[in-house]
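Trainee: Mind looking at a prediction? Sequence and model below.
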Amino acid sequence: MAKRNNKPTETRLRSGLIGFCKLHFVLILALIGQTIIYDASQLITPESVLKRWVAISGLMAVDGIIWYLVKSRSGHIHLYKSLLGLMILSDIAFASFLVYEERGMASRAVFLFVIPIIISGLLASRSALYATAILSAAAYSLTAVSYFVLNFNEGYKVELYGEVGFYSLIMLLSAGLLAQLLRSGD
């Protein structure tokens with residue numbers, strides 16, 4: 001039986017990026033809605049509202065630029081891989097921002113680190129999945145520890161390391177599960 005080539009082609013990367021950009025726009029709309037609701041109910045401070053709008057606008061700008069470049073040109077596979085990398089890094093940065101804004105280890109936004117891991121699956125590469133998971137775990141660890149150090153007495157150190165270790169492992173397991181799914185598609 002011939003083994004199917006699972007490596008990404010220009011067409012697959014291009015259509016995958018367009019799809020991810022569209023889903024990113026839905027995520028951005030949800031984040032805008034959440035920010036408006038939190039602001040209207042005075043759940044977050046005006047300074048936090050401003051920071052969220054800046055971060056959401058930045059994510060929207062990156063997503064819009066990627067969408068435009070992919071939609072308007074028939075680029076080379078290296079361009080699509082670079083744009084995918086930019087999308088992954090912007091998602092990791094945004095997730096880090098929200099985790100810090102939502103009190104570090106107490107944040108529920110840690111789930112957002114799974115999005116770049118899923119996006120890296122488009123490359124159909126185990127090493128890309130694990131590299132993204134490691135970057136996500138490193139960013140989460142740095143963000144949670146930074147918040148803890150700069151806002152002491154908002155938790156216990158053992159709790160901090162327990163949360164960081166647990167969620168970092170979940171990120172690596174997510175990459176492993178996706179790698180297994182990609183392999184089973186052969």
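Mentor: Okay, I see it.
Trainee: Please make it C-alpha for all contacts and neighbour counts, starting now.
Mentor: Will do.
Trainee: May I have the phi/psi pair for residue 9?
Mentor: phi -100, psi 170 (degrees, to the nearest 10).
Trainee: State the distance from the closest residue to it other than its chain neighbours to residue 123.
Mentor: Using Cα to Cα, 6 or more residues apart in numbering and skipping the chain neighbours, the partner closest in space to residue 9 is residue 77 (7.1 Å). Residue 77 sits 11 Å away from residue 123, going by Cα to Cα, to the nearest Å.
Trainee: circling back to that earlier point, Provide a list of residues in contact with the residue nearest to residue 9.
Mentor: 9-10, 13 (Cα atoms under 8 Å, 6 or more residues apart in numbering).
Trainee: circling back: quick one: common contacting residues for residue 77 and residue 123?
Mentor: residue 13.
Trainee: list the buried ones in stretch 20-39?
Mentor: 20-21, 24, 28, 32, 35, 39 (16 or more other Cα atoms under 10 Å).
Trainee: any idea which of the residues you listed is closest to residue 182?
Mentor: Comparing the buried residues of stretch 20-39 against residue 182 with Cα to Cα places residue 20 closest, at 17.7 Å.
Trainee: That closest one contacts residue 119, correct?
Mentor: Yes. Counting by Cα atoms under 8 Å, residue 20 does reach residue 119; the two are 7.4 Å apart.
Trainee: Narrow the contacts of residue 77 to those that are buried.
Mentor: Buried, going by 16+ other Cα under 10 Å: 10, 13, out of the contacts of residue 77.
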